[in-house]
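Student: model the structure of this input:
(one chain, ligands or ions: 1)
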Amino acid sequence: MSGISSADGRNRKNRVHVYARTRPTANFAHDMLNFRPDGKTIDIHGRKDTKRGVVNNQLLDWHFKVDGILHNASQDEVYENVASRMVNNLLEGYNGTLMCYGQTGAGKTFTMTGATENYKHRGLIPRSLAQVYREVEDRSEHAITVRISYLEIYNETMFDLLSTLPESIQSVPQMTIVEDDQGGVSVKGLSVHLANTEEEALNLLFEGETNRAIAAHSLNSVSSRSHCIFTIHIESRSRTESNAKYIKSKLNLVDLAGSERLGKTGSAGKTAMEAMYINKSLSFLEQTVIALADRKREHIPYRQTKLTHALKDSIGGNCHTIMIANIWGESQQIEETISTLRFATRIMCIANVPSINEYYDPALLVKKLEREIISLKQELAMHDTLTNRSQVSYEPLSDSQLYEIQRQVQRYLEGSLDEIDIVNVRQIQAVFSSFKGMVNQMESQVENKLRAKFTLIDRADPNAIAAAQKAGVVFDENGEVSYVGDVDRQNFGIGIAPSSSKPASSSVVAARRVKSRKSKERASPPSKSGAPSSPVPSTLQTENSSPTRQPPDTRESMAGADATSVSGSAGAVGDQMAPRESTPPLRTVAFEEFKHEKGSEINRILTENKDILSQKKKQCRDLAKTINGTKTEIDTTREALEMKRSDRMEQGEFVNEDGETVIDEEEFMLIKKLKDLKSSYRSDYDELRDVKSEVQYCQKLVDQCRQRLIQEFDTWYSQSFLTTSDEQSSAQAGFGARLGTTYNAEPEDEGERFERLQMELLMENPDSAAFYNAKMRTERRQTYEAAMGQAQPSLRKPGTPTITVHNLPPSMLVQY
Ligand SMILES: Nc1ncnc2c1ncn2[C@@H]1O[C@H](COP(=O)(O)OP(=O)(O)OP(=O)(O)O)[C@@H](O)[C@H]1O
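Tutor: As a prediction, this is how the structure comes out:
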């Protein structure tokens, strides 16, 4: 009978590799051990020996297939075949593990460390170190540090072979195996030594060897009874690229304790105990290997012993792993050989996917990103220069820039500015935040005003509801106000609390104590059925009848809350335009109509001025482009001229009889060109200054026209739709519907009224920026009006001649 042991995944590239190395012996059992010519298959023919027993009585022939057989191989050959590539990979950032496994005396230590007396016999560790330092030297573009650690596991206790040896096992400093987030393993308490040269590294190896615990053993007087892990740690950073990336890798060179079975050693006492620990850890290593090879297994019993735990990240995973199965080819050792090869072929089934261990230094990464930002900014600045947007800056906005943006937003809201100049993202953010700030400010102003006038009734508060009901307020089944009793209407006004003042669930009905109210006639009497049909002002009707309450313009609805006649947000446009006693049209809708009828002349002038303004702005942009082009040409010409001059100086100057320097034609042409360019630069620059002044002036005219249009509209609107003084005062209080809209008989202009209201509101806090802004605006307005004098177009009387921007001397604009 025969059986063949091999790895299921032997054709897979990414798996643990195994080489069988034989210990040379004069008594090699040629009749039992045969190596096939493929250099990979070992045939074993067992003799039935009932006295000694065989590994498996059923099988007499075994065939093991490994990755290579190193029979009578020199240390050099072993290194070249097994370790050389792995060391190369180590320097590239791959982790690697090289293990020697086999029975006591099979040559594990000889393979790993070698014989000290003969240089030729040095093992894998010193040879690996030599190659590491050769590679370090060859990779001068990298700053590579090499560190060494040497761990021994003896009877389940860990020793640091590179620190002072403890006097007894009790005084061994505690070391623990720790795992990081990426599954990496390290031994806490194990010293890791920097080794700058090969010599330093070899010294560490010898120091560790001297410290290695050695127990006398019946089979071999120098046999090691412990597992030893010699680790070379590499950290490599590029010297040329100043990036944050670096690699960190390690190569474990593991000399496992002898794997022979307890019975064979014939040991007793302390040595028997050692053998028990060794067998236990190797048997757990075997279990771990079996579990790792089984892809369905979820739990891998790494932690069962120190050995498997310490090697957790070194067998399989992202690491290159190679095992050398040391065998002793004598007939007496055949069972151990079979056992070793069995284990070795099992470990071949463990898959691994080696990968480079790259890390990022956070501090360097931040620095790198900062540098990248700077260079991107420079690139953007260059781009802006090329596209004539040189005024764009990517630095945080200064206080004065923020103030200017705030001012522009304010003017935009007032309607005196058409566009806000934005050239970069920071400005967009600042504009939005300015809008947000102003909306919040206005909301709280209106809310405060409402709170000053209304009593808010919380729907969740039964006492408040009862008090309101007592006063005549009727609530429907949804808790909405449906009716306000006639008697108490004299004392209570009704409104809806602003949505921002309370959460919707506890939203309130607001009842206001008013001085007097004569508009009872507007409230319809209760219907015949007794239920109040439409007794409340139109706002309430709209609010209550709407099945899903639309979010109206907050300011409009807040203004509406204060007035019985309001510009409601519901209803079709056509409805809004029809003059109704209780519901005037939406101001925006009415304004559109006004612009095309009553205010058409003012609107025409405004449009005309806006067109001129946009023409002037375009002219300004074109001129700036030309000027920038001329400037670039001046620079280039100047540079060429300077080069020409320095050439002339180098060659020696020609001077005529009058002592004047003689220049050649080319230099003369350059001088002439430079002169012409400078002159056109100057004249374009002057023109630009004038056009800029005209733009400023045009802007003012447009602003003024717009103000007049609004003012005229306000007058018309209040005369057409709002009749009683009571209603006018109510509408005035609702100024938030459109900033600064007024309904007085002698209307203030929009700006004045806004300023007045803002001043009133801000008097409580005169230090605030808004107060300062309002004050500044008033002063500016006064200056402006004084400067304009009679030149101001009268927009009240259509047909009055207006002054267009063309007629105004730039000097006057500059003064302004
Ligand atoms: N390939 C080899 N060439 C020459 N000598 C060898 C070879 N392999 C082993 N030996 C010799 O065999 C003896 C035992 O080897 P070694 O100590 O390396 O065995 P081991 O497997 O490490 O044993 P233990 O498990 O007890 O540590 C040593 O004297 C060593 O020099």
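Student: mean confidence for the longest helix seen in the chain?
Tutor: If you go by DSSP state H, the chain has its longest helix at helix 665-721. When pLDDT is averaged over helix 665-721, the result is 87.
Student: so what secondary structure elements neighbour it?
Tutor: Judged by 3 or more Cβ pairs under 8 Å, 6 or more residues apart in numbering; DSSP states H and E, helix 665-721 is in contact with helix 587-596, helix 600-651, helix 750-762, helix 769-788, helix 810-815. Bear in mind the C-beta positions are built from the backbone N, C-alpha and C, glycine included.
Student: and it with helix 587-596, angle?
Tutor: Between helix 665-721 and helix 587-596, the angle comes out at 110 degrees (axes from the mean of the first three to the mean of the last three Cα atoms, to 10 degrees).
Student: contacts for stretch 615-635?
Tutor: Stretch 615-635 is contacted from outside by 388, 390, 674, 677-678, 680-681, 684-685, 687-688, 691-692, 694-695, 698, 805, using Cβ atoms under 8 Å, 6 or more residues apart in numbering.
Student: residue contacts, the nearest residue to T145 once chain neighbours are set aside?
Tutor: With sequence-adjacent residues excluded and distances taken as Cβ to Cβ, 6 or more residues apart in numbering, T145 is closest to E235, at 4.8 Å. E235 sits next to I144, T145, R147, Y246, I247, K248 when contact means Cβ under 8 Å, 6+ apart.
Student: which parts of this structure belong to which domain?
Tutor: Under automatic domain parsing, the residue ranges defining each domain of the chain are 2-360, 396-570, 600-815.
Student: weakest of those by average pLDDT?
Tutor: Among these, domain 396-570 scores lowest, at a mean of 58.
Student: in the stretch 51-200 of the chain, what residue comes closest to the ligand?
Tutor: G107 (2.6 Å; Cβ to the nearest ligand atom).
Student: excluding chain neighbours, what is closest to that residue?
Tutor: G107's closest residue in space is R23 (Cβ to Cβ, 6+ apart), at 4.1 Å.
Student: count the neighbours of that neighbour for me.
Tutor: Counted with other Cβ atoms under 10 Å, residues neighbouring R23 total 20.
Student: please apply the same query to C319.
Tutor: 25.
Student: how about it, nearest residue that isn't a chain neighbour?
Tutor: Nearest to C319 is N95, by Cβ to Cβ, 6+ apart, at 4.1 Å.
Student: list the contacts of the one you found.
Tutor: S249, K250, L251, N252, D313, S314, N318, C319, H320, P354, N357.
Student: now the helix or strand the first one falls within: buried residues?
Tutor: If I follow you right, that is S249. For S249, the enclosing helix or strand under DSSP states H and E is strand 245-255. Buried residues in strand 245-255, defined by neighbour count with 16 or more other Cβ atoms under 10 Å: Y246, I247, K248, S249, K250, L251, N252, L253, V254, D255.
Student: picking up where we left off before, what about the helix or strand encompassing the residue nearest to T145 and the ligand, any contact?
Tutor: Secondary-structure element containing E235, defined by DSSP H and E: strand 227-238. No. Strand 227-238 lies apart from the ligand when judged by Cβ under 6 Å from any ligand atom; the minimum separation is 9.2 Å.
Student: what does the stretch 301-450 of the chain put close to the ligand?
Tutor: Checking the stretch 301-450 of the chain against the ligand by Cβ under 6 Å from any ligand atom, the hits are N326.
Student: and the end-to-end length of stretch 18-27?
Tutor: 25 Å (Cα to Cα, to the nearest Å).
Student: let me fix that: stretch 73-88
Tutor: 22 Å.
Student: got it, and stretch 588-607?
Tutor: 18 Å.
Student: ok, and for it, which residues are buried?
Tutor: For stretch 588-607, burial by neighbour count (16+ other Cβ under 10 Å) applies to V589, A590, F591, F594, K595, K598, G599, E601, I602, N603, I605, L606.
Student: before we move on, which element is the residue of the stretch 251-400 of the chain found nearest the ligand in?
Tutor: As assessed by Cβ to the nearest ligand atom, the ligand sits closest to G258 within the stretch 251-400 of the chain, at 3.2 Å. Here G258, judged by DSSP H and E, is contained in no helix and no strand.
Student: distance of the residue lying closest to it once chain neighbours are set aside relative to T97?
Tutor: Closest residue in space to G258, ignoring its immediate chain neighbours: T104 at 2.9 Å, by Cβ to Cβ, 6+ apart. Applying Cβ to Cβ, to the nearest Å, the value for T104 to T97 is 22 Å.
Student: show me what contacts the residue nearest to G107?
Tutor: Taking Cβ under 8 Å, 6+ apart as the test, what R23 contacts is G105, A106, G107, F110, N326, I327, W328, G329.
Student: now do the last one against L341, distance only.
Tutor: Relative to L341, G329 is positioned 11 Å away (criterion: Cβ to Cβ).
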